[in-house]
Structure formats: C-alpha cells, structure tokens
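Enquirer: Requesting a structural model of the entry that follows:
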Amino acid sequence: VQLQAFGGGLVQAGGSLRLSCAASGGTFSNYAMGWFRQAPGKEREWVASINRSGSNNYYADSVKGRFIIDRNNAKNSVYLQMNSLKAEDTAVYYCTAGPILARWTQWGQGTLVTVSS
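Expert: Numbers count the residues shown, from 1 in each chain. Next up is the predicted model:
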C-alpha cells in the first residue's frame, strides 16, 4: 500500500490542524495505521496508532487528550486531529501502515507542521 500524507501547515499555539493520509494500492482495512513525527534534530517518535477496524486507538503521553486518530476504511484514509497545539508539536508528521500494530512496514512522505508560539 502506498501512503500520502497531507494537511500540514503553520498554526499558532493553541490552534488545531487535521492531517490526512490517503492509502492506495492495497486493501486498506487489512492494515493497522499510525502516525509518527520527527522534530528537527530529534529522532522519529511514535504519536498515535489505530487498529484495522478502528475500534482501538493508542496515543503517546505527550499528545494524549489533545490528538485524535481515526480512520475511514471506506475512504482508505486515516486522520490525525491535532488540538491545543504547542510549539513542541512542530515536526514532520509521517503516516505508516502495517499488518499489525507496531509492525510498521509502509511509510508515506511527511507533512510539515509548524506551531508558532
């Protein structure tokens, strides 16, 4: 499956953004999906993930209560709603897919999120 993420941009602290990731070339519902991010000078870190049916989702402590991951299998898409954004959320965000959670085999190109303080 090929992944394309979009929706990044510049937002003020406290604002919101919704990232989208469109999948093609595979059976989307066969994949768990996730979001990672990489800030300048830092390693890539896991942000959130969701199982194949969308019934279970998981979050890093740093975004819990502010970010929401969801998916629409009919539209072959996964989303990341980001609220109450902070300067430290500034990063390139990547969507990823895998046969099961935490076994990520496919990566999309990143989309840059910049939060101004």
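Enquirer: Strands of this protein, residue ranges please.
Expert: Here the chain has its strands, by DSSP state E, at 2-6, 9-12, 17-24, 32-38, 45-50, 57-59, 67-72, 77-82, 91-98, 106-107, 111-116.
Enquirer: With mean neighbour count and mean pLDDT as new columns, can those strands be given to me in TSV?
Expert: C-beta: built from backbone N, CA, C; applies to glycine. Formatted as TSV, those follow (neighbours: other CB atoms under 10 Å; pLDDT from 0 to 100):
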stretch	mean neighbour count	mean pLDDT
strand 2-6	17	96
strand 9-12	13	98
strand 17-24	18	98
strand 32-38	23	98
strand 45-50	20	98
strand 57-59	17	98
strand 67-72	18	98
strand 77-82	23	98
strand 91-98	23	98
strand 106-107	17	96
strand 111-116	17	98
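Enquirer: State whether residue 3 and residue 23 are indeed in contact, as I suppose.
Expert: Yes - between residue 3 and residue 23 a contact is recorded at 5.5 Å, counting by CB atoms under 8 Å.
Enquirer: hey, what's in contact with both of those two?
Expert: Common neighbours of residue 3 and residue 23 are listed as residue 97 (criterion: CB atoms under 8 Å, 6 or more residues apart in numbering).
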